[in-house]
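In: Next come a sequence and a model predicted from it.
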Amino acid sequence: GNSVTQMEGPVTLSEEAFLTINCTYTATGYPSLFWYVQYPGEGLQLLLKATKADDKGSNKGFEATYRKETTSFHLEKGSVQVSDSAVYFCALILNTGTASKLTFGTGTRLQVTL
Amino acid sequence: GAVVSQHPSRVICKSGTSVKIECRSLDFQATTMFWYRQFPKQSLMLMATSNEGSKATYEQGVEKDKFLINHASLTLSTLTVTSAHPEDSSFYICSASIYGTNYGYTFGSGTRLTVV
């Protein structure tokens, strides 16, 4: 079956530090990959996505590259801010129509301090 | 574009009562909506897939008689927690997909249900 594995949190960083949150996946086929962010008490927001190998998704200073050879989609940001504190979910979906289900990782909590 | 509105954001109810949560796609038609449950500091657990005009498909272990899902139109799906008990207290989130795209899914802002 399909699965997503994320590094366990929480991840605690000082402001302006470099961020990496690891994500690897297993899938029967060629999935699209996503990073979602959840701020406290809120739903999920799409942060970035990549739909094929070697695609780089980017948004708000965050980046992730779809690496088929390592089945990875690691999230990076060069300089985090306190406002980036949230839970980040890596997810995949196989392109088999709108009834396809998102498969989520367990989420990684990021806490950024001054 | 692609906004999903979920209401209420918070609800407190007494044990034994039923609670309805609404999920609306505001600017697109959603043939499929999904309902998730999230426990504190955990990931999202898919409860069911809601298809417009047909019965919902429930995930294994989810009681369909307890969590009633209705998707009567292309813009509205509802989740009713029947005869709620304290163990049903949780954060419920809906999401919707846009037909013909692989943009992932748009999520509602969630509903915090507390059963007392």
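Out: Everything's here; your move. Computed from a predicted structure; not experimentally measured. Residues are numbered from 1 along each chain as shown, chains lettered A, B, ... in the order given.

In: Could you check how far the helix or strand of chain A with the lowest mean pLDDT is from the centre of its chain?
Out: Lowest on mean pLDDT, DSSP states H and E among the helices and strands of chain A sits strand A:103-104, with a mean of 88. Relative to its chain's centre, strand A:103-104 lies at 11 Å (C-alpha atoms, centre = their mean, to the nearest Å).

In: Which residue lies nearest the spatial centre of chain B?
Out: The C-alpha lying nearest the average C-alpha coordinate of chain B belongs to B:W35 (C-alpha atoms, centre = their mean; 3.6 Å).

In: Give me the pLDDT for that one.
Out: In the prediction, the pLDDT value recorded for B:W35 is 95.

In: Tell me which helix or strand it sits in.
Out: If you go by DSSP states H and E, B:W35 is part of strand B:32-38.

In: Please name every helix or strand in contact with that strand.
Out: strand B:19-25, strand B:44-51, strand B:67-73, strand B:76-81, strand B:90-96 (3 or more C-beta pairs under 8 Å, 6 or more residues apart in numbering or on different chains; DSSP states H and E). Where C-beta positions appear, they are placed from N, C-alpha and C, glycine not excepted.

In: which intervals of chain B have sub-threshold pLDDT?
Out: Residue ranges of chain B with pLDDT under 70: B:1, B:98-104.

In: circling back: doesn't B:Y92 make contact with the residue nearest to the centre of chain B?
Out: Yes: B:W35 is within contact range of B:Y92, at 6.7 Å (criterion: C-beta atoms under 8 Å).

In: list residues touching both of these two?
Out: Overlap between the neighbourhoods of B:W35 and B:Y92 consists of B:L79, taking contacts as C-beta atoms under 8 Å, 6 or more residues apart in numbering or on different chains.

In: And B:Q42, how far from chain A?
Out: According to C-beta to the nearest C-beta, to the nearest Å, B:Q42 stands 7 Å off from chain A.

In: Surely that residue and A:T106 touch.
Out: Yes: in this structure, B:Q42 is within contact of A:T106 by C-beta under 8 Å, at 7.2 Å.

In: and the two? which has more neighbours close in?
Out: Counted by other C-beta atoms under 10 Å in any protein chain shown, B:Q42 and A:T106 do not tie: A:T106 has more neighbours, with 17 against 13.

In: Alongside chain B, which residues does chain A contribute?
Out: A:32, A:34, A:36, A:41-46, A:49, A:51, A:89, A:91, A:93, A:95, A:98-102, A:104-107, A:109 (C-beta under 8 Å from any C-beta of the partner chain).

In: now the helices and strands packed on strand B:32-38 in JSON lines, with distance to B:Q6 and mean neighbour count?
Out: Below are the helices and strands packed on strand B:32-38 laid out as JSON lines (distance: least, C-beta to C-beta, whole Å; neighbours: other C-beta atoms under 10 Å in any protein chain shown):
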{"stretch": "strand B:19-25", "distance to B:Q6": "5", "mean neighbour count": "21"}
{"stretch": "strand B:44-51", "distance to B:Q6": "13", "mean neighbour count": "21"}
{"stretch": "strand B:67-73", "distance to B:Q6": "14", "mean neighbour count": "17"}
{"stretch": "strand B:76-81", "distance to B:Q6": "10", "mean neighbour count": "22"}
{"stretch": "strand B:90-96", "distance to B:Q6": "6", "mean neighbour count": "25"}
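
In: Turn those into a markdown table, including distance to chain A.
Out: Converted to a markdown table, the helices and strands packed on strand B:32-38 look like this (distance: least, C-beta to the nearest C-beta, whole Å):
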| stretch | distance to chain A |
| --- | --- |
| strand B:19-25 | 10 |
| strand B:44-51 | 5 |
| strand B:67-73 | 12 |
| strand B:76-81 | 13 |
| strand B:90-96 | 5 |
